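S.K.: sequence and predicted structure below; questions after.
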There are 2 protein chains.
Amino acid sequence: MTFETGDISTILHQNFPQIAERELQAEVAENGQLMHFRAGEVIMDYGSYIKMVPLIIKGSIRVTKEDDLDGKEILLYFLSAGDTCSMSFSCCMMNKKSMIRTEAVEDTTMIGIPIRYVDQWMSKYQSWKNFVMLSYDNRLIELVKVIDSIAFNNMDQRLQEYLNARQEATGNALIEATHQEIANDLNASREAISRLLKKMENLGKVELGRNQVRLL
Amino acid sequence: MTFETGDISTILHQNFPQIAERELQAEVAENGQLMHFRAGEVIMDYGSYIKMVPLIIKGSIRVTKEDDLDGKEILLYFLSAGDTCSMSFSCCMMNKKSMIRTEAVEDTTMIGIPIRYVDQWMSKYQSWKNFVMLSYDNRLIELVKVIDSIAFNNMDQRLQEYLNARQEATGNALIEATHQEIANDLNASREAISRLLKKMENLGKVELGRNQVRLL
DNA sequence: AATACTAAGTGATACACATCACCGATTTTT
DNA sequence: AAAAATCGGTGATGTGTATCACTTAGTATT
């Protein structure tokens, strides 16, 4: 991870147009910190305390939850440019340990907002309050979708949704991942995923290669 | 459903001590509306628009999500006294259709807050803002727990958790429900639930009767 | 009291996916 | 170039739960 104090206000304007007030933009530029993460890097791990709320401006992030017992893991959702991590809000505000892990899927850049401002700006700037509320809202919806998917769908549908979500997050039809990684994200077995991917290939839905799946 | 304009400020004080500011309490008392629902009554259904955010002061509520396709349903969580419905916030604010159904498990009383105040008070009262944020937070955690449970646990564990959650919501070890109802909440088959309950009875964990399960 | 209904118990079978065991292909390390 | 590691494919078998078909036990209706 590397820090930087680049031209935040320009970047902010492009990726977070909702953050409208001039004064707020200035505050973000002043207090926010540009942060870079390499693909695969763990941004925040289970049980860690969070000191910043991220505004993602480039790249994508995988958010996962670990089983308390046997260390199995399941993907909750992906985040990409224009997103923030609602889970962070609560963790920050309550000063609680993180119950999730966030990990860069691609090289990722974000603006880190120190927690004290996150709360302060809520009362001060209408657009920040709306932004935060909307983010929470989106996350609730996303989580309900995950529940829906796990509860009602078979693995083939979940796999298809997963690949779609991943394509959307990275903006790339080529997904670089091993079958094992995909299986982990879906809390499934590698063999099952391999067989389903093969089936999808036969149906002309994907092209398979070593470490890659291309959506057609 | 019946309306009433009782002594809201006393009730409020007992169930929502976090709502601290005098002025805010007065506003709630002035603008809030006491509402009663009978056990089994649907408070809000899928696709409906919401005009109030509820502060629950008595009873308990089941919150469910329906499958888009074949109308199957799964329980998200229970709400009880001291809770509010975070899902309502977002639906209200965005003026979106509800993606969930809420239904009284027992006879339930709540204070309905018209949506315009919910947003307004966020900027005006620190304690209201904290209350709203904390509620969102609790809901996120609850949903992640549901995902955890569905993804990692077998039906016997899920059933145990369900019975515990229901006991906690109603404060009663006697759960009045048919096996079919329980199966619906868990998106399982009645036969599976019957067999598991029987197993739990043999293990001395519950006592079974027609339409009831008593936790031991 | 007879009838019909609803809830619950139970065996047989079906199906999705996990697990196990192994193999061949490709890539990385030495 | 050889050895080791990783990745993916595939058959056999196991397990949890759904589904189907039926029975028994209460409860409500007539």
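M.R.: That came through fine. Residues are numbered from 1 along each chain as shown, chains lettered A, B, ... in the order given.
S.K.: pLDDT-wise, which helix or strand of chain A ranks last?
M.R.: Within chain A, judged by mean pLDDT, DSSP states H and E, the helix or strand with the poorest mean is strand A:2-4; its value is a mean of 60.
S.K.: after that strand, heading C-terminal, what element do we hit next?
M.R.: Reading on from strand A:2-4 to the C-terminus, the next helix or strand found by DSSP states H and E is helix A:8-15.
S.K.: send the alpha carbons of the helix or strand where residue A:63 lies over as CSV?
M.R.: Assigned by DSSP H and E, residue A:63 belongs to strand A:60-66. C-alpha atoms of strand A:60-66 as CSV (Å, rounded to 0.1, in the frame of the first residue of the first chain):
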residue,chain,number,x,y,z
SER,A,60,-12.3,-3.2,-7.6
ILE,A,61,-12.5,-4.8,-4.3
ARG,A,62,-13.8,-8.1,-3.0
VAL,A,63,-15.6,-8.1,0.3
THR,A,64,-15.8,-11.4,2.1
LYS,A,65,-17.1,-12.9,5.3
GLU,A,66,-15.4,-15.7,7.1
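S.K.: need the next SSE after that strand, C-terminal direction.
M.R.: Strand A:60-66 is succeeded, C-terminally, by strand A:73-80 (DSSP H and E).
S.K.: any idea of the angle that following strand forms with helix A:8-15?
M.R.: If you take axes from the mean of the first three to the mean of the last three Cα atoms, to 10 degrees, strand A:73-80 sits at 100 degrees to helix A:8-15.
S.K.: circling back to that earlier point, does any part of the strand holding residue A:63 sit near chain B?
M.R.: Yes - using Cβ under 8 Å from any Cβ of the partner chain, we find that strand A:60-66 touches chain B at residue A:65. In short, each C-beta sits where N, CA and C put it, glycine included.
S.K.: that strand pairs with which strands, and in what direction?
M.R.: Strand A:60-66 has the following sheet partners, assigned by DSSP bridges: strand A:73-80 (antiparallel), strand A:100-104 (antiparallel).
S.K.: any chance of those strands in TSV, plus mean pLDDT and distance to residue A:58?
M.R.: Formatted as TSV, the strands paired with strand A:60-66 follow (pLDDT from 0 to 100; distance: least, Cβ to Cβ, whole Å):
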stretch	mean pLDDT	distance to residue A:58
strand A:73-80	96	9
strand A:100-104	93	10
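S.K.: chain B contacts on chain A?
M.R.: So far as Cβ under 8 Å from any Cβ goes, chain A lies against chain B at A:65, A:67-69, A:72, A:74, A:76, A:86-87, A:89-90, A:93-94, A:99-100, A:122-123, A:126, A:129, A:133-134, A:136-137, A:139-141, A:143-144, A:146-148, A:150-152, A:187.
S.K.: so which of those belong to helices?
M.R.: Under the assignment DSSP state H, the residues of chain A next to chain B contribute A:86-87, A:89-90, A:93-94, A:122-123, A:126, A:129, A:133-134, A:136-137, A:139-141, A:143-144, A:146-148, A:150-152 to helices.
S.K.: out of those residues, which end up buried?
M.R.: Buried members of those, counted by 16 or more other Cβ atoms under 10 Å in any protein chain shown: A:86-87, A:89-90, A:93, A:122, A:126, A:129, A:133-134, A:136-137, A:139-140, A:143-144, A:146-148, A:150-152.
S.K.: and the host helix or strand of residue A:110, what's buried?
M.R.: Assigning secondary structure by DSSP H and E places residue A:110 in strand A:108-114. For strand A:108-114, burial by neighbour count (16+ other Cβ under 10 Å) applies to A:108, A:109, A:110, A:111, A:112, A:113.
S.K.: who does the fourth one bridge with?
M.R.: What it means is residue A:111. In beta-bridge terms (that is, DSSP bridges), residue A:111 pairs with residue A:34, residue A:55.
S.K.: tell me which residue is most central in chain A.
M.R.: Chain A has residue A:79 as the residue nearest its centroid, 2.5 Å off, counting by Cα atoms, centre = their mean.
S.K.: contact partners for that one?
M.R.: Residues near residue A:79 by Cβ atoms under 8 Å, 6 or more residues apart in numbering or on different chains: A:56, A:60, A:61, A:63, A:85, A:102, A:169.
S.K.: from these, which has minimum pLDDT?
M.R.: Lowest pLDDT of those: residue A:85, 87.
S.K.: excluding chain neighbours, give the residue nearest to it in space.
M.R.: The spatial neighbour of residue A:85 that comes closest, neighbours along the chain excluded (Cβ to Cβ, 6 or more residues apart in numbering or on different chains), is residue A:54 at 5.6 Å.
S.K.: how many residues are close by the one you found?
M.R.: Using other Cβ atoms under 10 Å in any protein chain shown, residue A:54 is surrounded by 25 other residues.
S.K.: now do the same contact list for it.
M.R.: Applying Cβ under 8 Å, 6+ apart, we find residue A:54 in contact with A:35, A:43, A:84, A:85, A:88, A:110, A:111, A:112, A:113.
S.K.: repeat that with 10 Å
M.R.: For residue A:54, the contacting residues are A:32-33, A:35, A:37, A:43-44, A:61, A:79, A:83-85, A:88, A:102, A:108-113, by Cβ atoms under 10 Å, 6 or more residues apart in numbering or on different chains.
S.K.: outline the domain layout of chain A.
M.R.: A:2-150, A:154-215 (automatic domain parsing).
S.K.: okay if I get these as a markdown table plus distance to residue B:179?
M.R.: What follows is these, written out as a markdown table (distance: least, Cβ to Cβ, whole Å):
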| stretch | distance to residue B:179 |
| --- | --- |
| domain A:2-150 | 23 |
| domain A:154-215 | 25 |
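S.K.: thought residue A:126 was touching residue B:120?
M.R.: No - contact criterion Cβ atoms under 10 Å: residue A:126 and residue B:120 do not qualify, at 11.0 Å.
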